[in-house]
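Engineer: only geometry, no sequence info:
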């Protein structure tokens, strides 16, 4: 027995020590794995929040840009016509509000004074805070677009501010704000299962007028409880919040009798990078800790069982017991390294077998959870990428509309862009003819695009097909299955069309045409695609209308320039015929030139034309001393002098015309006043002669009244003229 004890006790001690180390290592590994998973989940949720904020920033900026570049809105804003501006933007505001959480739709003047609040035209309460709106102030000072998070009287939100210009003049800015409150937090909470809290800096909130919106109490007086997804907020330690508002992300582990939580406190920054509060992400880790404890308890049971077996059979049982544990350890390490598909082939019905079953169940559960999480993250990422792609397409259409002046080129770019970005089977753009009776296919992309355009497709509005129906009603239409729609007109060049969506191209209430998109898959179009494509179609319609107005304005401008050029040339011909041909420098000063012949520039002489209204009216000659070369800055200087001479001469001509007209009107007025001083014919005629002699340079003047007998008889033409 003593020998057995000597063999058993050291063996059991060694075995117990080995298993204890294994249990400790496994427990630490489980704890580390749990914390690593929690950190990964927190990182994914933080990234999702940042991505959502970035998407909303782009949405706010895109919505503001689309409205600010509308010529009708620019003109109404330039005229400070609030009623017209409200009428032009109210429909856009209501439509966009149905898609996005818009809380602010406001026009500001260049001095940061609010001009019109579209969401509440009669409200003026924000005027006292308009000067403190830093993102609006920045956009006004730089006259450039700006977007980001900001606190205002309406609450925490994302603002997009775009400058509005009209005919080269800066009119002010348009601000569109999206809500960044409970709705966004609830969406992310529903997706990831985490809770959120937003705590704002109290002084910043008070400056924005939010001091009365404290929704829950916080122990740290520098913060204000703004939003939460929890019925009873769970707050971290004060030191964590102090470090968070100092710019450091903090992670706090909290434990109560009922639950355990991990709180990540992240600095919440505005569009300038300034810290305006703290965002708390909370994960309930009670279940994870319970699971961890259960795993440790199961492992501890395995240790006790292994020690009993070791006492019964030092060699056999120790070897047999350690082998499954070694397998379990290896599988646990593989799981810790990310290989979640681990199944233990242990068929015994003892504690090790139960442990293996629990481990296998745990492994399958972890693998399933990770696959589900990866699938959800992948689906969310694809959805965000798809929305970003759609918004980028809309922004690219807006950029093309601002840079392309050829209607055909613009339509081709839009058709190709929509077809490629939305991965469509066919895209067509129809425009109404001048009579408005037919819609003509102007551009297409995708399947058989060139052949269909070459056919010269004409659709009678209101009577033929989906396109005619949409143009007549002005409302978009989605056909998820073309075989069941009565308005669908099949095309032999598009045999694989299975679903179709047609959107009107409208400017205000006027329909210019339609955007026709087709897919070779049934049920291919969703409601969010309809809304985004309708915004894109509205931008295309506005661009087409702008190009039409631009062409009309250019034609009118060209006609005005031709007329002005003709008047200018006649004036210059009269002025130059009565003056010296030019002047040249001499030692005694400038001397007039009367010779009409022009010298030929050669050698060191430079001849620079003097141009007025794109017409040459003379030349500036400059000559260097013999042996000297012209420097680049000297030639640039005489070029600038020539341009200034042209400007001064044109201004002098205009002033001379005004002076002549003034003198002529003054002389006529004086002669007329002299005639009105008396009703006697002789005295009136004498006054006329005196005034004309005093004001006009004539050598002789006389007025003769003929005797009635000497007057010729009136002709029928004279009687008709008198009548």
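Structural biologist: Received the coordinates, thanks. Predicted model, so just to flag it, every value in this text is computed and none were measured.
Engineer: local confidence estimate at residue 522?
Structural biologist: Listed pLDDT for residue 522 reads 91.
Engineer: list phi and psi for it.
Structural biologist: Per-residue torsions, residue 522: phi -70, psi 150 (degrees, to the nearest 10).
Engineer: list the contacts for the nearest residue to it once chain neighbours are set aside?
Structural biologist: Nearest residue to residue 522, sequence neighbours excluded (C-beta to C-beta, 6 or more residues apart in numbering): residue 498, at 4.5 Å. Heads up, the C-betas are built off the backbone N, CA and C, glycines and all. Taking C-beta atoms under 8 Å, 6 or more residues apart in numbering, we find residue 498 in contact with 481, 482, 483, 519, 520, 521, 522, 524.
Engineer: so which of those is the most crowded?
Structural biologist: Scoring those on neighbours with other C-beta atoms under 10 Å, the highest-scoring entry is residue 519 at 22 neighbours.
Engineer: now that residue: how far from residue 249?
Structural biologist: Distance from residue 519 to residue 249, counting by C-beta to C-beta, to the nearest Å: 45 Å.
Engineer: equivalent analysis for residue 351, please.
Structural biologist: From residue 351 over to residue 249 the distance is 43 Å, taken as C-beta to C-beta.
Engineer: ditto for residue 555
Structural biologist: Using C-beta to C-beta, we find residue 555 at a distance of 61 Å from residue 249.
Engineer: who has more neighbours, those two?
Structural biologist: Using other C-beta under 10 Å as the criterion, residue 555 and residue 249 rank with residue 249 on top: 15 against 10.
Engineer: contacts only, for that one.
Structural biologist: The neighbours of residue 249, taking C-beta under 8 Å, 6+ apart as the test, are 264, 265, 266, 267.
Engineer: ok, now with 6 Å
Structural biologist: residue 266 (C-beta atoms under 6 Å, 6 or more residues apart in numbering).
Engineer: where does it fall, phi/psi-wise?
Structural biologist: phi -80, psi 130.
Engineer: tell me how far it lies from residue 172.
Structural biologist: Distance of residue 249 to residue 172, given as C-beta to C-beta: 38 Å.
Engineer: if we go by neighbour counts, what in stretch 98-117 is buried?
Structural biologist: 101-109, 112, 114-117 (16 or more other C-beta atoms under 10 Å).
Engineer: whoops, I mixed them up, stretch 256-265
Structural biologist: For stretch 256-265, by 16+ other C-beta under 10 Å, it's 260, 261, 262, 263, 264, 265.
Engineer: so the third one, which state does it fall into?
Structural biologist: I take that to be residue 262. Three-state assignment for residue 262 (DSSP: H, G, I helix; E, B strand; the rest coil): strand.
Engineer: burial count for the residue nearest to it when sequence neighbours are not counted?
Structural biologist: Spatial nearest neighbour of residue 262, excluding adjacent residues (C-beta to C-beta, 6+ apart): residue 283 at 4.9 Å. Counted with other C-beta under 10 Å, residues neighbouring residue 283 total 21.
Engineer: what of residue 26?
Structural biologist: 19.
Engineer: which strand or helix spans it?
Structural biologist: Assigning secondary structure by DSSP states H and E places residue 26 in helix 2-68.
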